[in-house]
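> got a predicted model here, sequence first, then my questions.
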Amino acid sequence: MCSDVLRKLGSLVTSPAGPTVRAGGRVWHLSPEGHDLFGAPGPAYDRWLADGSAVTVKHGPHRTVYRVDLPTGAVYVKHCRINGPRAWARELMRPPKARLEFENAARLR
């Protein structure tokens, strides 16, 4: 918990993840490989949804997970949502849940 608060405040706790890209009104947390694949414009999420490239793997009130088959291989995209007052309050005290999950996955990798 303490490291989460320090990260939220921009302290000395560093993230193992790659860059953050803002595109289409969304914030994307990319691995270094993801940044090499998508570049500065970020993933084409709206296009994937419109043309059916994004196939829903899992859906719930707090998040939806999509699988997108690209020429270079499949990627999984997680769309996290704040779905209530408790989740909103947690967002004030720590980095977003999506960011924490991404950092944990990057550490495991």
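Perfect, thanks for sending it. Everything quoted here is computed from the prediction, not taken from an experiment.
> so for stretch 99-109, what's the average pLDDT?
What stretch 99-109 shows for mean pLDDT is 79.
> could you do stretch 60-68 as well?
The average pLDDT for stretch 60-68 rounds to 91.
> contact partners of that stretch?
Defining contact as C-beta atoms under 8 Å, 6 or more residues apart in numbering, one finds that stretch 60-68 is touched by 48, 53-59, 74-81, 83, 87, 97-98. Yep, even glycine has a C-beta here, placed from its N, CA and C like the rest.
> then residue 65 would be within a strand, right?
Yes: Residue 65: assigned to a strand according to DSSP: H, G, I helix; E, B strand; the rest coil.
> which helices and strands does the longest helix along the chain pack with?
Identified as the longest helix of the chain according to DSSP state H is helix 97-108. Applying 3 or more C-beta pairs under 8 Å, 6 or more residues apart in numbering; DSSP states H and E, we find helix 97-108 packed against strand 26-29, strand 73-80, helix 85-93.
> so which of the ones you listed is the most packed in?
The highest mean neighbour count among the helices and strands packed on helix 97-108, using mean count of other C-beta atoms under 10 Å, belongs to strand 26-29: a mean of 16.
> ok, that one: who's next to it in the sheet?
strand 20-23 (antiparallel) (DSSP bridges).
> quick one: average pLDDT of the strand it pairs with?
Per-residue pLDDT over strand 20-23 has a mean of 83.
> how many neighbours does the nearest residue to residue 32 once chain neighbours are set aside have?
Closest residue in space to residue 32, ignoring its immediate chain neighbours: residue 18 at 4.2 Å, by C-beta to C-beta, 6 or more residues apart in numbering. Neighbour count of residue 18, defined by other C-beta atoms under 10 Å: 16.
> dump the residue contacts of residue 18.
Residue 18 sits next to 29, 30, 31, 32, 33, 34, 35, 106 when contact means C-beta under 8 Å, 6+ apart.
> separate out the buried members of those.
Among the contacts of residue 18, those classed as buried by 16 or more other C-beta atoms under 10 Å are 29, 30, 31, 34, 35.
> of those, which is the nearest to residue 70?
Closest approach to residue 70 among these (C-beta to C-beta): residue 34, at 11.1 Å.
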